[in-house]
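> Have a look at this prediction, sequence included:
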Amino acid sequence: MDSDNKNSMSSHSSKSDDAQGDERGQDRSDGIALPAYVAGSGSLDRLVDTARDYARAAASDNTLKAYAKDWAHFARWCRMKGTEPLPPSPDMIGLYLADLASGSGPSPALSVSTIERRLSGLVWNYAQRGFALDRKNRHIATVLAGIKRKHARPPVQKEAILAKDILLMVATLPYDLRGLRDRTILLLGYAGGLRRSEIVSLDVHKDDTPDSGGWIEVLDKGALLTLNAKTGWREVEIGRGSKDQTCPVHALEQWLHFAKIDFGPVFVGTSRDGKRASEARLNDKHVARLIKRTVLDAGIRSDLPEKDRLALFSGHSLRAGLASSAEVDERYVQKQLGHASAEMTRRYQRRRDRFRVNLTKAAGL
């Protein structure tokens, strides 16, 4: 057998071992099983399955996917270094963080925020496997503190979509069913300060679908959204606008009427010709793509190259836009966005509060 075939088989075997190890890790990550001394039964086995479902629901699907990737990356890194990921070793995790920050070979150095996210993923994965990983252990904490001191950069915030921008964006959309749906997504997301995942998770009624993230109620004065968001259940009031063309509630009513939606997901796909609604719920990535496309079509920030314009805007631009544009008491914006603190709300306000209070003059200078 030639060396290429041997290397190919060795590589295949290594990948197979990694995959099996990840599967074994995933089995252990459930962390829920009958004690060895308890005899199994149909009723108890069903309860185990139910408990596992509840455990998986403790975090969003996107978070769980990210944590699974974090664990797979760390497990491969350990094997490449000739060690194992279990049990947890603060010394090795400190070295892993240092490797992520410095970059190795073709792998680029990661940002501080990404490294912190990776560490959170490891803490979660170890907990699911019955191990406690102390982030304050000196081998981890001191390395992370050094990484922050050396590599930390100011947070990169997405550009806010202001009221004049959203009007230009919705004006670029066609007047078929697909255009009506996308217009409703932009207006409702902007007026409600909604996350893209909250927009697409809405159902018409409570408990319409198992994967519902909330439901709507259209009233005379506006729409009431009940959301199961990342910070818990909250209600979002969206009042009617000054004119039908830009009113998010009117757009919602029109979309539901012409799409013939009276049950299940509010926002669904459409046929290729944009004239018929399907039953499949939209993915939250559609909202991100919609924002970027309409930003380009509307000519927003045309002073920048297209690549930079695309990087500036995301789903969070809608939330930042509401926080920056709404000239009301800050506590109302905080409630609408579902923030636990006013400080978090201020992070979403782009340029609104700059120099509103002049402490230099107030100090007598």
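Great, that's in hand. Numbering: from 1, shown residues only.
> next helix or strand past the least confident helix or strand in the chain by mean pLDDT?
Every helix and strand in the chain was compared by mean pLDDT, DSSP states H and E; the lowest is helix 3-29, with a mean of 42. Under the assignment DSSP states H and E, the closest C-terminal helix or strand after helix 3-29 is helix 42-56.
> buried ones in that next one?
Within helix 42-56, no residue is scored as buried using 16 or more other C-beta atoms under 10 Å. Every residue, glycine included, has its C-beta placed from N, CA and C.
> Send over the next helix or strand after it as CSV, restricted to the C-alpha atoms.
Toward the C-terminal end, the helix or strand that comes next after helix 42-56 (DSSP H and E) is helix 61-80. What follows is helix 61-80, C-alpha atoms only, in CSV (Å, rounded to 0.1, in the frame of the first residue of the first chain):
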residue,chain,number,x,y,z
ASP,A,61,-31.1,26.2,19.3
ASN,A,62,-28.5,28.7,18.0
THR,A,63,-26.7,28.7,21.4
LEU,A,64,-26.7,24.9,21.6
LYS,A,65,-25.3,24.7,18.1
ALA,A,66,-22.6,27.2,19.0
TYR,A,67,-21.7,25.3,22.2
ALA,A,68,-21.5,22.0,20.3
LYS,A,69,-19.1,23.6,17.8
ASP,A,70,-17.0,25.0,20.7
TRP,A,71,-16.7,21.6,22.3
ALA,A,72,-15.8,19.9,19.0
HIS,A,73,-13.1,22.4,18.3
PHE,A,74,-11.7,22.1,21.8
ALA,A,75,-11.8,18.3,21.7
ARG,A,76,-9.9,18.2,18.4
TRP,A,77,-7.3,20.7,19.8
CYS,A,78,-6.7,18.5,22.8
ARG,A,79,-6.2,15.4,20.6
MET,A,80,-3.8,17.3,18.4
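> Report the angle between helix 61-80 and helix 42-56.
90 degrees (axes from the mean of the first three to the mean of the last three C-alpha atoms, to 10 degrees).
> what's Ala280 sitting at in phi/psi?
phi -80, psi 130 (degrees, to the nearest 10).
> Distance of it relative to Arg118?
Shown here: Ala280 relative to Arg118, a distance of 33 Å by C-beta to C-beta, to the nearest Å.
> need the contact list for Lys292.
Leu310, Phe313, Ser314 (C-beta atoms under 8 Å, 6 or more residues apart in numbering).
> 10 Å instead, please
Glu306, Arg309, Leu310, Ala311, Leu312, Phe313, Ser314, Gly315, Ser317 (C-beta atoms under 10 Å, 6 or more residues apart in numbering).
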